[in-house]
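> Take a look and give me a structure for this.
(2 chains)
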Amino acid sequence: GAGVSQSPSNKVTEKGKDVELRCDPISGHTALYWYRQRLGQGLEFLIYFQGNSAPDKSGLPSDRFSAERTGESVSTLTIQRTQQEDSAVYLCASSLKDRGYGYTFGSGTRLTVV
Amino acid sequence: AQTVTQSQPEMSVQEAETVTLSCTYDTSESDYYLFWYKQPPSRQMILVIRQEAYKQQNATENRFSVNFQKAAKSFSLKISDSQLGDAAMYFCAYCWAAGNKLTFGGGTRVLVKP
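Modelled structure (predicted):
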């Protein structure tokens, strides 16, 4: 596609429920990143995928968070047993190379846990 | 660990005037990239300008320019001839040249007064 597409745009869920967030990267971009942005704060790195290599999960805050990506296609970020502190905007980005420049970000999913 | 600090939570500027946003960072690496991103209410992060640490010349993109002081680990953004469309959150970010994760500052909100 022309840009990085994320769905849903907004999600309200009840505490304790599981949620899945989707990211569709730019076609041909081998690298894909997930970041979390809490209200009024900067972005925190969550996880990085590069082609078929093992993902870098060093930013995942707890074992309730997981993400998958098949090859160079869509990625899903799953949060199990959501907590109120999980409320944030989750941003996805993709890049052509596995370096920190050349990122294209999506518009994010705003997750609200009530 | 790398850290990025933006000490100004909010800056206000009159239309057509100039505003400068501050950013300092901490790293033990010598080769890295620095970025300024703009985040409008649409949430999408838009790359404003990029600086490569090994280049002494300050980057410029139209009305946007940086003052990169490597020894002081300072990377400020100057917006000249401010326009109403410049109103947004601005984030400073760092990436090690051989790495892939961006480390973000907490952001500065820019308000543009007509």
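
> Can you read off the backbone torsions of the closest residue to chain A within chain B?
Closest to chain A within chain B is residue B:95: 2.8 Å, counting by Cβ to the nearest Cβ. Heads up, the C-betas are built off the backbone N, CA and C, glycines and all. When read as degrees, to the nearest 10, the backbone of residue B:95 gives phi -150, psi 130.

> doesn't residue B:29 make contact with it?
No. If you go by Cβ atoms under 8 Å, residue B:95 and residue B:29 don't touch, sitting 9.9 Å apart.

> who has more neighbours, those two?
Neighbour count, other Cβ atoms under 10 Å in any protein chain shown: between residue B:95 and residue B:29, residue B:95 has more, with 21 against 13.

> Can you read off the pLDDT for that one?
Looking at residue B:95, its pLDDT stands at 90.

> which SSE is the spatially most central residue of chain A in?
The residue lying closest to the centre of chain A (Cα atoms, centre = their mean) is residue A:34, at 3.3 Å. In this assignment (DSSP states H and E), residue A:34 forms part of strand A:31-37.

> who touches the following helix or strand past that strand?
For strand A:31-37, the following helix or strand on the C-terminal side (DSSP H and E) is strand A:43-50. Residues from elsewhere that reach strand A:43-50, judged by Cβ atoms under 8 Å, 6 or more residues apart in numbering or on different chains: A:30-38, A:55-61, A:65, A:67, A:69, A:75, A:77, A:90-91, A:98, B:45, B:91, B:93, B:100-104.

> I'd assumed residue B:29 was in contact with residue B:94.
No. Using Cβ under 8 Å as the test, residue B:94 is too far from residue B:29 to be in contact (9.2 Å).

> what sits in contact with each of the two?
Shared contacts of residue B:94 and residue B:29, defined by Cβ under 8 Å, 6+ apart, are found at residue B:2.

> For the most centrally placed residue in chain B, list the residues it contacts.
Centroid-nearest residue in chain B, with Cα atoms, centre = their mean: residue B:36, separated by 3.2 Å. Neighbouring residues of residue B:36 by Cβ under 8 Å, 6+ apart: B:21, B:23, B:47-49, B:64, B:66, B:75, B:77, B:90-93.

> Just the ones in strands from those, please.
Judged by DSSP state E, the subset of the contacts of residue B:36 located in strands is B:21, B:47-49, B:64, B:66, B:75, B:77, B:90-93.

> Switch these over to CSV; also include distance to chain A and neighbour count.
Shown next, in CSV, are those (distance: Cβ to the nearest Cβ, whole Å; neighbours: other Cβ atoms under 10 Å in any protein chain shown):
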residue, distance to chain A, neighbour count
B:21, 13, 22
B:47, 7, 16
B:48, 13, 21
B:49, 12, 19
B:64, 17, 17
B:66, 15, 25
B:75, 15, 28
B:77, 15, 26
B:90, 11, 24
B:91, 6, 26
B:92, 9, 27
B:93, 8, 25
